[in-house]
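Undergrad: Below is the structure, and that's it, no one-letter string:
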């Protein structure tokens, strides 16, 4: 019965939702590069969690909702090329104190960085962004992805190695 399960209590579920919706949306956005789809998938994942709240414990709910979101996303984008889009507006520059040459070099570097990250294989890019942007630990990423921590460590190592090789030539 739904009312006996802690996750099925509306207050508990709403708290869980508020604590995790932004991170889940970002995860889907980083994975697929489409904000509207990220919102839709995140919402659908939480609806699925609510519909199955009596079968999911509060301790496993985060991994469950990420797994559902991942599966929904994969079915939506199965044949599409995944592209990463960055919003460079997050970095605000004080143009009065920096020279035009510096700003040009910084913009070129950011373009190269964005290109390098978006050219990583899908799994490496996802792990890299979850760790470096979302600040998730390897263990947390492993739970979300449903793989071992060692597999996440290897993916991260490969991603860092590829990025390092691309920037050695700069």
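TA: Structure's in. What do you need? Keep in mind that this is a model prediction, so the values were computed, not measured. Numbers count the residues shown, from 1 in each chain.
Undergrad: In this structure residue 20 contacts residue 62, no?
TA: Yes. Using C-beta atoms under 8 Å as the test, residue 20 is close enough to residue 62 to be in contact (6.1 Å). C-beta here means a position set from N, CA and C on the backbone, and glycine is covered the same way.
Undergrad: For residue 157, give me the pLDDT.
TA: Per-residue pLDDT puts residue 157 at 93.
Undergrad: Give me the secondary structure label for it.
TA: When classified by DSSP: H, G, I helix; E, B strand; the rest coil, residue 157 comes out as helix.
Undergrad: Now residue 63: closest residue in space, sequence neighbours ignored.
TA: residue 143 (4.6 Å; C-beta to C-beta, 6 or more residues apart in numbering).
Undergrad: wait, what's in contact with that neighbour?
TA: Residues near residue 143 by C-beta atoms under 8 Å, 6 or more residues apart in numbering: 62, 63, 66.
Undergrad: what's the helix or strand for the last one?
TA: Pointing back at residue 66 there. Taking DSSP states H and E as the definition, one finds residue 66 inside helix 61-76.
Undergrad: Return the mean pLDDT over the very next helix or strand once past that helix, rounded to an integer.
TA: Once helix 61-76 ends, the next helix or strand along the chain (criterion: DSSP H and E) is helix 100-118. The pLDDT scores in helix 100-118 average 81.
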